[in-house]
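A.B. asks: Following is a predicted model, sequence given first.
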Amino acid sequence: AQSVAQPEDQVNVAEGNPLTVKCTYSVSGNPYLFWYVQYPNRGLQFLLKYITGDNLVKGSYGFEAEFNKSQTSFHLKKPSALVSDSALYFCAVRHRNTGGFKTIFGAGTRLFVKA
Amino acid sequence: DAGVIQSPRHEVTEMGQEVTLRCKPISGHNSLFWYRQTMMRGLELLIYFNNNVPIDDSGMPEDRFSAKMPNASFSTLKIQPSEPRDSAVYFCASRPGQDGETQYFGPGTRLLVL
């Protein structure tokens, strides 16, 4: 079955430290991969995406993600976390199925950055 | 552009009542999505339209839910009759329509069915 996994419900990081939010997927074919962020009482906002090309993708607010085809992963990273990065992060995968293209979202990972 | 617009932002209703959620996508976007978000089930795709035509409604939970897109600038999600388990945040998103393009989410409608 096609799926997206975010293995951590929550990630805690001290401000200034690097952060990683993990995402793995299981889909057929070559997927398009996305990261979205959701702040309290807001809709999801696009952070970055991988379609093709360089495996390291840079996005908004200093975030980046690395596509690893052999490990079917697309982990979100930031070298130095800010308190304002605290939010809910969603990984999404867009893939082709029998009915056309479909986007699957992970369950989300809540990031807490402590001052 | 104002982004994706949803109304109302909050809705409180009693079980059995009809609820209509509204969405105005970003002008020029060809695809529109309705999602439901709850603590228990996370983010679920309910239905999506491409050029006003429903493409995949496999996520619509049951016949009480219906969605329409009469034109490129407006869509509704209706629940009739509503039940307490429908309480959730409902998001509308639109996309330019090309593969690989980003979805742009509205602020959501927080629905509480008593």
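C.D. replies: Yep, that arrived.
A.B. asks: What's opposite the closest residue to chain A within chain B in the beta bridge?
C.D. replies: Closest to chain A within chain B is B:F105: 3.4 Å, counting by C-beta to the nearest C-beta. C-beta coordinates here come from the backbone N, C-alpha and C atoms, glycine included. Beta bridges link B:F105 to B:A93, judged by DSSP bridges.
A.B. asks: residue contacts, it?
C.D. replies: A:36, A:43-45, B:4, B:35, B:91-93 (C-beta atoms under 8 Å, 6 or more residues apart in numbering or on different chains).
A.B. asks: List the residues that contact residue 26.
C.D. replies: I'll assume chain A. A:1-5, A:72.
A.B. asks: oops, chain B please
C.D. replies: B:1, B:3-4, B:94, B:104.
A.B. asks: what's the spacing between the nearest residue to it once chain neighbours are set aside and A:G53?
C.D. replies: Using C-beta to C-beta, 6 or more residues apart in numbering or on different chains and skipping the chain neighbours, the partner closest in space to B:I26 is B:S94 (5.0 Å). To A:G53, B:S94 is 26 Å away according to C-beta to C-beta, to the nearest Å.
A.B. asks: Could you check which of these two is surrounded by more residues?
C.D. replies: Counting neighbours by other C-beta atoms under 10 Å in any protein chain shown for B:S94 and for A:G53 shows that B:S94 has the greater number, 26 against 8.
A.B. asks: Counting neighbours, which of the contacts of B:I26 comes out on top?
C.D. replies: Counting neighbours by other C-beta under 10 Å, B:S94 leads the contacts of B:I26 with 26 neighbours.
A.B. asks: re the thing from before, list just the nearest of the contacts of A:S26 to chain B.
C.D. replies: Chain B lies nearest to A:V4 out of the contacts of A:S26, by C-beta to the nearest C-beta, at 10.3 Å.
A.B. asks: which residues does the closest one contact?
C.D. replies: A:V4 neighbours (C-beta under 8 Å, 6+ apart): A:23-26, A:91-93, A:104-106.
A.B. asks: Check the secondary structure at it for me.
C.D. replies: strand (DSSP: H, G, I helix; E, B strand; the rest coil).
A.B. asks: Look up the closest residue to it, ignoring the ones flanking it.
C.D. replies: Nearest one to A:V4, counting by C-beta to C-beta, 6+ apart, is A:G106 at 4.2 Å.
A.B. asks: Run through the neighbouring helices and strands of the helix-or-strand element of chain B with minimal mean pLDDT.
C.D. replies: Taking mean pLDDT, DSSP states H and E as the measure, chain B has strand B:53-56 as its least confident helix or strand, at a mean of 88. Counting contacts by 3 or more C-beta pairs under 8 Å, 6 or more residues apart in numbering or on different chains; DSSP states H and E, strand B:53-56 packs against strand A:100-105, strand B:42-50, strand B:65-71.
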